[in-house]
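[1] only geometry, no sequence info:
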């Protein structure tokens, strides 16, 4: 299978959702089905475009956040991790175990690429106690 083709296809579904509001619900459903495949690069691309969908439609589609959180362990590329850090920071008040999920992501903070690190200040503002604990343990 051509990985680049699949990535572009997933991104196209996300772009369609962003540009055509009437298609957004169907696109979200398609992205959720793609996430169910548990194919790493598919899940990663879906998380990236879902972050952009959340930004385009604030207050909508937040019901899919648990599905994203369940697939956190499949994220290993910087762009998808940065997208998930943004999602966790943005919606930490709606995610029951946000502190645990953030702790998992922050555990490897020093090894993360520069693409992921800029997302951390938002987390600090959202869940400062998690960040304080994690960074104190690094010192």
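    Good, I have the coordinates. Remember, predicted model here, so these are calculated numbers, not experimental data.
[2] show me what the helix or strand harbouring residue 46 is packed up against.
    If you go by DSSP states H and E, residue 46 is part of helix 40-56. Secondary-structure packing of helix 40-56 (3 or more C-beta pairs under 8 Å, 6 or more residues apart in numbering; DSSP states H and E): helix 3-19, helix 24-36, helix 78-90. For every residue, glycine as well, the C-beta is placed using N, CA and C.
[3] buried sites along the last one?
    In terms of neighbour count (16 or more other C-beta atoms under 10 Å), helix 78-90 has its buried residues at 79-90.
[4] what's the answer for stretch 50-58, then?
    Buried residues in stretch 50-58, counted by 16+ other C-beta under 10 Å: 50-54.
[5] now do the contacts for the residue nearest the centre of the chain.
    Geometric centre of the chain, nearest residue: residue 84, 2.4 Å, by C-alpha atoms, centre = their mean. By C-beta atoms under 8 Å, 6 or more residues apart in numbering, residue 84 lies in contact with 47, 51, 68, 72, 75, 105.
[6] got those as TSV, with pLDDT columns?
    Below are these laid out as TSV (pLDDT from 0 to 100):
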residue	pLDDT
47	97
51	96
68	94
72	89
75	90
105	66
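[7] count of residues packed around residue 33?
    Residue 33 has 10 neighbouring residues, counting by other C-beta atoms under 10 Å.
[8] now swap in the one 3 residues further on and tell me
    Taking other C-beta under 10 Å as the criterion, the count of residues near residue 36 is 13.
[9] tell me the confidence at it?
    Residue 36 is assigned 97 on the pLDDT scale.
[10] cool, residue 136 as well?
    For residue 136, the model assigns a pLDDT of 48.
[11] make a markdown table from the helices and strands packed on helix 40-56 and add distance to residue 63 to it.
    Formatted as a markdown table, the helices and strands packed on helix 40-56 follow (distance: least, C-beta to C-beta, whole Å):
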| stretch | distance to residue 63 |
| --- | --- |
| helix 3-19 | 15 |
| helix 24-36 | 9 |
| helix 78-90 | 13 |
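[12] so for residue 62, which of these sits nearest?
    For these, the distance to residue 62 is smallest for helix 78-90, at 9.6 Å, taking C-beta to C-beta.
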